[in-house]
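Chemist: sharing a model that was predicted from the sequence below.
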Amino acid sequence: MNLPREVRIIGGQWKRSKLPVADSPGLRPTPDRVRETLFNWLGQDLSGWRCLDAFAGSGALGFEAASRGAAEVVLVERDPRIVRSLRESQQRLQATALRVEAADALAVLRRANPQSFELVFIDPPFDAKLFDVALAAAANVVVPGGFIYLEADRAYDDAAVAPIGLRVHRHARAGAVHFHLLQRQEPADAA
């Protein structure tokens with residue numbers, strides 16, 4: 001599969017800005033039309049939101065959130081070459097609300113304070129099979145009523161995510177990729 005060499009931010013203050021895409025195994029930048037759908041689901045304005053892009057890769061999801069007004073966006077990536085590229089894009093765009101952390105996504109999710117983000121993006125390499133463990137960890141760091149975006153190689157339904165306090169808010173498919181917007185249940189909803 002040929003990866004694009006760059007992706008464009010599709011909305012907000014950095015609309016049309018380009019982000020480089022590294023040639024790295026397992027890296028699949030979220031396509032423009034999928035990001036457009038996601039931010040239509042979320043609403044275009046994320047002012048005040050705290051977001052975590054747990055498997056940042058190209059950074060397209062996190063930069064998109066910051067471009068749309070998120071107060072804090074943490075991009076987590078463990079590949080040092082990709083981390084450098086993300087930091088270069090951060091500096092070029094003067095993205096002061098965005099922080100790049102060179103770390104393992106699961107470790108960051110596990111040590112993050114409970115209920116510290118309104119939105120967590122989970123888009124791990126498909127062959128790593130990290131979907132379930134990452135979802136469980138993310139469910140703890142999302143505020144009640146907050147969202148987890150998941151890209152996976154299969155569809156998740158309410159029965160699969162209810163045990164960790166989530167429900168499927170939206171789901172769609174683009175080729176072999178299933179993308180989901182999951183919502184953390186309010187404590188009264190879980191009863």
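Modeler: Sure, I can see it.

Chemist: next up, phi/psi of the nearest residue in space to residue 93 that is not next to it in sequence, please.
Modeler: Among residues not flanking residue 93 along the chain, residue 14 sits closest, at 5.5 Å (Cβ to Cβ, 6 or more residues apart in numbering). Using the backbone N, CA and C atoms, a C-beta is placed for each residue, glycine as well. The phi/psi pair for residue 14 (degrees, to the nearest 10) reads phi -110, psi 20.

Chemist: got phi/psi on the residue nearest to residue 102 when sequence neighbours are not counted?
Modeler: On the basis of Cβ to Cβ, 6+ apart, the spatially nearest residue to residue 102 that is not a chain neighbour turns out to be residue 83, at 4.5 Å. Main-chain torsions, residue 83, degrees, to the nearest 10: phi -60, psi -50.

Chemist: how near is residue 83 to residue 63?
Modeler: To residue 63, residue 83 is 14 Å away according to Cβ to Cβ, to the nearest Å.

Chemist: and for residue 6?
Modeler: Using Cβ to Cβ, residue 6 is found at 12 Å from residue 63.

Chemist: ok, these two, which is more surrounded?
Modeler: residue 63 (27 against 13; other Cβ atoms under 10 Å).

Chemist: which non-adjacent residue is nearest residue 148?
Modeler: Computed as Cβ to Cβ, 6+ apart, the closest residue to residue 148 that is not its neighbour in sequence is residue 182, at 4.5 Å.

Chemist: just checking: what are the partner strands of the host helix or strand of the one you found?
Modeler: Residue 182 is part of strand 177-184 when elements are defined by DSSP states H and E. Here strand 177-184 has these sheet partners by DSSP bridges: strand 142-152 (antiparallel), strand 166-174 (antiparallel).

Chemist: identify the contacts common to residue 6 and residue 63.
Modeler: Counting by Cβ atoms under 8 Å, 6 or more residues apart in numbering, the common neighbours of residue 6 and residue 63 are residue 19.

Chemist: quick revisit: include mean neighbour count, mean pLDDT and distance to residue 130 when you put the strands paired with strand 177-184 into CSV, please.
Modeler: Formatted as CSV, those follow (neighbours: other Cβ atoms under 10 Å; pLDDT from 0 to 100; distance: least, Cβ to Cβ, whole Å):
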stretch, mean neighbour count, mean pLDDT, distance to residue 130
strand 142-152, 21, 96, 10
strand 166-174, 16, 96, 16
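
Chemist: out of those strands, which is closest to residue 98?
Modeler: When those are ranked by distance to residue 98, counting by Cβ to Cβ, first place goes to strand 142-152 at 16.8 Å.

Chemist: quick check, central residue of the protein?
Modeler: Centroid-nearest residue in the chain, with Cα atoms, centre = their mean: residue 121, separated by 2.0 Å.

Chemist: for my notes, confirm it occurs in a strand.
Modeler: Yes: the assignment for residue 121 (DSSP: H, G, I helix; E, B strand; the rest coil) places it in a strand.

Chemist: mind listing the residues bridging to it?
Modeler: Applying DSSP bridges to residue 121 gives these bridge partners: residue 53, residue 149.
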